[in-house]
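Chemist: coordinates only, sequence not included:
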């Protein structure tokens, strides 16, 4: 069987296939995010459902270039994020879901582990949140921001599913913080990782 | 803000929401797989595009109940798979992508790391393959089977994307091995993990 075997070639070819099939015009900085979300899901609908608020991509690039702290809600998103590139630009990423403190807090307070992890992230100070799975995590971040206990630069908020996910993203778009989100049920840890990866590749390639 | 905070409650409620929106009738063993794929992507189209070949779910349940070796192509799928449940039924899972041997082989032979990892898996003997990302991994598995160097019980093959993914899954459906796959570009590590999780929960709950 003949097939393309070089991973960089596969990615390049994939974007070449997606581009002419796009229906809308996207900003120069937003386009790579749209392409990578479609590439990672095989789903062209991401072109229609992605929402960018307050120059989110530009803000994200700047934050990454300055070196920043990133938090993600799942091991799956953590696995999908290119940590080698992140380290090369002096950024760090944490996912506290397996932290013993998180277990303790979630049990004591009757909240999800995702929520307890956000509370710990808030105490540690986080610049960029990458939420792919848990609406409860995103709701908690919004609560912290409204209470003045958290002031992130960017929120990538793409929880997936049918229980609170769409609503949590609507709440996110109401607050005055740069964000990238999706409308409706679609999203996920793979999409969250793809969005952060797109922005970090821009941070490495572009001068702003 | 009021929202459901118990993860088990969230999952149960999610399935309750999805069920009445399904358009087709699914087999008793296939239904949980369909539900979990939709739950994990927020995308009802999985109902239409999932394909089950040769009693794949039943075969998977039996293999898991007997204790078996599982291989997956990505750290992301590995992260999404419930390892605690797998261990409780004496199954093991490996992902050789970070193995030094894989780096060496892929460099020497000019193949992807995913392909090299499959070669190592073939040498070690694998019962269930869980392929969510790399068409090259799935093509390699099919090559091994055709060459008689591999004889798995079940292949969960849902590579995502626009370069070889759809074709690799078509090839998978042509060979005489139980498989679960998708038609077209959609799929991914999250979907692959969701399918294996659905089958392992069935293995724990059901007597066959």
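Modeler: That came through, no problem. Being a predicted model, the structure only gives us computed values, none of them experimental. Numbers count the residues shown, from 1 in each chain, chains lettered A, B, ... in the order given.

Chemist: Now do the same contact list for residue A:179.
Modeler: Taking Cβ atoms under 8 Å, 6 or more residues apart in numbering or on different chains as the criterion, residue A:179 is in contact with A:51, A:52, A:53, A:54, A:56, A:154, A:155, A:156, A:157, A:172, A:173. Glycine gets a C-beta too; all of them are placed from N, C-alpha and C.

Chemist: and of those, the nearest to chain B?
Modeler: residue A:172 (11.9 Å; Cβ to the nearest Cβ).

Chemist: Not counting sequence-adjacent ones, nearest residue to the closest one?
Modeler: Spatial nearest neighbour of residue A:172, chain neighbours left out: residue A:157 (4.6 Å); criterion: Cβ to Cβ, 6 or more residues apart in numbering or on different chains.

Chemist: same question, residue A:55
Modeler: Residue A:55 sits nearest to residue A:178 (Cβ to Cβ, 6+ apart), 6.4 Å away.

Chemist: Buried residues, the biggest helix by length in chain A. List them.
Modeler: For chain A, the helix that runs over the most residues, judged by DSSP state H, is helix A:189-205. Across helix A:189-205, burial judged by 16 or more other Cβ atoms under 10 Å in any protein chain shown covers A:189-200, A:202-203.

Chemist: Okay, angle between that helix and helix B:189-205 too, please.
Modeler: Between helix A:189-205 and helix B:189-205, the angle comes out at 150 degrees (axes from the mean of the first three to the mean of the last three Cα atoms, to 10 degrees).

Chemist: elements contacting whatever helix or strand residue A:10 lives in?
Modeler: Applying DSSP states H and E as the criterion places residue A:10 in helix A:7-18. The contact analysis (3 or more Cβ pairs under 8 Å, 6 or more residues apart in numbering or on different chains; DSSP states H and E) places helix A:7-18 against helix A:31-41.

Chemist: Show me how far the helix it packs on is from its chain's centre.
Modeler: 12 Å (Cα atoms, centre = their mean, to the nearest Å).

Chemist: between it and helix B:31-41, how many degrees?
Modeler: Using the same axes, to 10 degrees: helix A:31-41 against helix B:31-41 is 170 degrees.

Chemist: Contacts for helix A:31-41, please.
Modeler: A:11, A:14-15, A:18-19, A:22, A:26, A:44, A:46-47, A:50, A:52, A:57, A:180, A:186, A:188, A:190-191, A:193-195, A:197-199, A:201-202, B:41, B:160-162, B:186, B:188.

Chemist: give me the number of residues near the closest residue to residue A:93 other than its chain neighbours?
Modeler: Excluding its sequence neighbours, the residue lying closest to residue A:93 (Cβ to Cβ, 6+ apart) is residue A:70, at 4.2 Å. By the measure other Cβ atoms under 10 Å in any protein chain shown, the count of residues near residue A:70 is 25.

Chemist: And for residue A:73?
Modeler: Neighbour tally, residue A:73, other Cβ under 10 Å: 33.

Chemist: what residues are up against it?
Modeler: Residue A:73 neighbours (Cβ under 8 Å, 6+ apart): A:95, A:97, A:114, A:117, A:118, A:130, A:131, A:132, A:133, A:134, A:137, A:189.

Chemist: Quick one: the contacts of residue A:179 as CSV, columns for neighbour count and pLDDT too.
Modeler: Listed next are the contacts of residue A:179 as CSV, based on neighbours: other Cβ atoms under 10 Å in any protein chain shown; pLDDT from 0 to 100:
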residue, neighbour count, pLDDT
A:51, 16, 98
A:52, 19, 98
A:53, 19, 98
A:54, 11, 98
A:56, 24, 98
A:154, 29, 98
A:155, 26, 98
A:156, 28, 98
A:157, 31, 98
A:172, 26, 98
A:173, 13, 98
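
Chemist: need the residues you listed in a markdown table with distance to residue A:62, can you?
Modeler: Compiled in a markdown table, these are given as follows (distance: Cβ to Cβ, whole Å):
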| residue | distance to residue A:62 |
| --- | --- |
| A:51 | 20 |
| A:52 | 15 |
| A:53 | 16 |
| A:54 | 12 |
| A:56 | 11 |
| A:154 | 9 |
| A:155 | 15 |
| A:156 | 15 |
| A:157 | 19 |
| A:172 | 20 |
| A:173 | 21 |
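
Chemist: Narrow these to those in helices?
Modeler: A:56, A:172, A:173.

Chemist: what about the closest residue to residue A:57 other than its chain neighbours, neighbour count?
Modeler: With Cβ to Cβ, 6+ apart as the criterion, residue A:57 has its nearest non-adjacent residue at 4.1 Å, and that residue is residue A:29. As a burial measure, residue A:29 scores 19 neighbours (other Cβ under 10 Å).
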